[in-house]
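In: Fold the following.
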Amino acid sequence: MPASAVRRILPLAAFLAASALVLTACATGATDAASDADPSGEVVWAIEGANLSAGHMDPQISQLDVSGMVQRQVLDSLVFQETDGSFSPWLAKSWEVSEDGTTYTFQLRDDVTFHDGEPFDAAAVKANFDRIIDPDTVSAQAASMLGGELYAGTDVLGDYEVAVRFTQPYAPFLQAASTAQLGFWSPKVLAEAGDELKAGGPDVNVGTGPFVLTEYTPDQELVYTRNDDYAWGPHGEKAPGFETLRVEILPEASVRTGVVASGEADLASNIPPSQVGQLPEGVEVDSIEYPGLPYSLFLNEAHGVFADEKVRQAFARAIDVDAAVEEIYFDQFPRAWSVLSASTPGYDAEVEGTWAFDQDAANALLDEAGWTERGEDGIRMKDGERLTANWIAWTPVPDDRTALANAIQSDLAEVGFEVTRDVLEPAAYNEQYGPKTFDITDWGFSGVDPDLLRSHLHSEGFQNASQVKDAEIDALLTEGLTAQDQADRDAVYKQIQEWNATYTAIVPLYTPSLITAVNDTVSGLAFDLYGRPLFYDVTVAAR
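Out: Numbering: from 1, shown residues only. Reported below is the predicted structural model:
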């Protein structure tokens with residue numbers, strides 16, 4: 001890999017400490033390049049984006065990271081989360097939280113308009129939040145971020161004053177309110193074409209952001225054009241310094257690497273570690289570790305062999321996670337131990353090493369569970385049944401995760417545990433995921449607040465793929481979202497992480513980073529806490 005290729009490979013914790021220096025450097029680059037900047041220029045951004053066309057153009061409904069990443073161009077939020085975790089005004093000029101933590105009252109800017117000319121005001125906030133929480137919207141992630149059943153309503157106190165109420169204290173709300181998932185669509189669109197937002201397109205995905213969606217060709221590209229009226233960026237940014245942001249949808253990682261290496265794209269996201277070394281001199285690589293839930297395997301304890309805790313524990317201990325992650329990810333992605341990544345507030349380092357690779361222990365656990373017989377192919381059996389589990393995966397699956405799955409299957413076969421794997425199109429996947437007729441599935445989930453565990457481990461959580469039903473865990477998760485003191489919240493999530501390390505509902509594997517390769521045609525690029533590009537201060541060189 002060229003020495004100049006990688007500018008930084010940082011977990012979020014280190015990124016927070018270094019970001020002031022890094023982002024200042026970006027801003028300086030923009031100033032130096034100002035004389036060469038083309039205000040009518042175009043930035044080409046290559047992304048993976050394979051599932052956007054499957055109804056994921058609306059972050060208020062979709063739970064895919066890519067939905068919020070691309071639609072951040074048109075969606076602004078009430079507040080902005082800084083790199084140190086604090087919150088700054090954005091569409092809200094100021095806010096107050098009631099002493100009991102149940103009501104957040106916002107004073108809004110009075111100079112913001114949607115792309116269709118509609119005013120942004122308190123009524124727009126209410127319309128969006130009420131729409132998110134409406135069961136007919138079928139919003140899972142955003143509704144959970146808005147508090148779910150805790151949401152008591154939004155009150156319009158004046159044209160530019162609004163109160164968001166909860167039935168009990170809801171500590172994660174400001175963080176949720178800083179995301180694209182709780183960003184704002186035009187009230188006119190909500191009233192006239194709300195059911196079209198998930199399919200998306202010009203005149204439908206209408207927000208207040210620095211860009212207007214002007215073209216959309218599903219599975220090919222999105223074209224965003226500068227909003228010349230923009231003057232309310234999170235740090236006072238005005239209209240962008242270039243005219244067109246062309247987002248090319250290129251699911252193949254090698255193609256994304258190729259277009260940024262050749263200069264056909266100015267930047268490309270989701271570059272795999274294995275391809276960083278293929279980038280030429282002059283291409284900078286920004287790698288920022290995702291906060292949230294690491295890429296993990298979810299063991300469905302309500303279906304098949306994983307009802308037995310010993311089988312779940314044996315499964316985890318039979319996998320040589322360290323060797324697989326090191327070989328496949330070139331030491332770029334750290335092995336994960338916890339259901340929170342090390343860069344997430346509340347991470348418990350004490351779980352590290354508590355369920356290390358140990359085939360002898362795995363074999364002993366399976367013996368204790370009664371899987372003592374062996375078939376002709378070496379797979380364990382009990383009462384005439386094979387020890388087998390089926391893993392369903394959502395297509396497309398990148399090559400690195402295919403290699404990781406192969407390594408996992410091989411490791412488990414060595415202790416007599418058969419794992420079959422089906423890579424399924426979305427409809428076929430949901431046929432099994434909906435009724436929970438699978439044994440294993442997989443994903444990672446980004447999020448800065450550990451409350452994201454509520455959707456994955458609460459008995460009513462919409463992403464509870466492991467089908468955990470535990471009143472004590474439910475109580476802890478509720479305590480975590482209501483506690484007002486950060487130390488109290490950390491103590492709650494420490495208990496949950498240590499519980500999972502033994503109970504093994506979720507098997508964390510590695511913590512990915514969002515790797516973005518950037519050509520020197522672009523100056524002033526910054527990143528949010530998830531590693532997603534921010535274009536507020538970007539300029540592009542004249543071509």
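In: Compute the first-to-last residue distance for stretch 425-441.
Out: 14 Å (Cα to Cα, to the nearest Å).
In: chain center to that stretch: distance?
Out: 21 Å (Cα atoms, centre = their mean, to the nearest Å).
In: who touches it?
Out: 51, 54, 297-300, 302-306, 389-395, 419, 424, 465, 467 (Cβ atoms under 8 Å, 6 or more residues apart in numbering). To be clear about C-beta, it is placed using only N, CA and C from the backbone, and glycine gets the same treatment.
In: And the next helix or strand past the lowest-mean-pLDDT helix or strand in the chain?
Out: One helix or strand of the chain scores below all others by mean pLDDT, DSSP states H and E: helix 12-32, with a mean of 34. Note on helix 12-32: by DSSP states H and E, the next helix or strand toward the C-terminus is strand 42-47.
In: Who does that next one pair with, and is each partner parallel or antiparallel?
Out: Looking at strand 42-47 with DSSP bridges, its partner strands are strand 244-249 (parallel), strand 267-269 (parallel).
In: okay, the ones you listed, which one's buried deepest?
Out: Ranked by mean neighbour count under mean count of other Cβ atoms under 10 Å, the strands paired with strand 42-47 are led by strand 267-269, which reaches a mean of 27.
In: Centre of the chain to it, how far?
Out: Worked out by Cα atoms, centre = their mean, strand 267-269 lies 17 Å from the chain centre.
In: and the next helix or strand after it, what does it pack onto?
Out: Counting by DSSP H and E, the next helix or strand C-terminal to strand 267-269 is helix 273-276. Helix 273-276 sits against helix 253-262, helix 321-329, strand 513-518, with contacts defined as 3 or more Cβ pairs under 8 Å, 6 or more residues apart in numbering; DSSP states H and E.
In: tell me the mean pLDDT for the following helix or strand past the last one?
Out: Scanning forward in sequence from strand 513-518 by DSSP H and E, the next helix or strand is strand 522-523. Taken as a whole, strand 522-523 has a mean pLDDT of 96.
In: Pairing partners for strand 522-523, with directions?
Out: Sheet pairing for strand 522-523, using DSSP bridges, gives strand 539-540 (antiparallel).
In: centroid residue for this protein?
Out: residue 446 (3.1 Å; Cα atoms, centre = their mean).
In: That residue against residue 530, yeah?
Out: Yes: assessed by Cβ atoms under 8 Å, residue 446 is found in contact with residue 530 at 5.1 Å.
In: Pull up the overlap in contacts between these two.
Out: Joint contacts of residue 446 and residue 530 (Cβ under 8 Å, 6+ apart) are 65, 290-291.
In: picking up where we left off before, how about the strands paired with strand 42-47, which one is nearest residue 89?
Out: Of all the strands paired with strand 42-47, strand 244-249 sits nearest to residue 89, with 24.9 Å by Cβ to Cβ.
In: about what we covered before: narrow the contacts of stretch 425-441 to just the buried residues.
Out: 51, 54, 297-300, 303-306, 389-394, 419, 424, 465, 467 (16 or more other Cβ atoms under 10 Å).
In: Could you pull up phi and psi at residue 89?
Out: phi -60, psi 150 (degrees, to the nearest 10).
In: Against residue 517, how distant is residue 503?
Out: Distance of residue 503 to residue 517, computed by Cβ to Cβ, to the nearest Å: 40 Å.
In: the more surrounded of those two?
Out: Shown here are residue 503 and residue 517; by other Cβ atoms under 10 Å, residue 517 has more neighbours (28 against 19).
In: and the more buried one, what is it in contact with?
Out: 257, 260-261, 267-268, 271, 276, 279, 283-285.
In: Nearest spatial neighbour of it, chain-adjacent residues omitted?
Out: residue 260 (4.7 Å; Cβ to Cβ, 6 or more residues apart in numbering).
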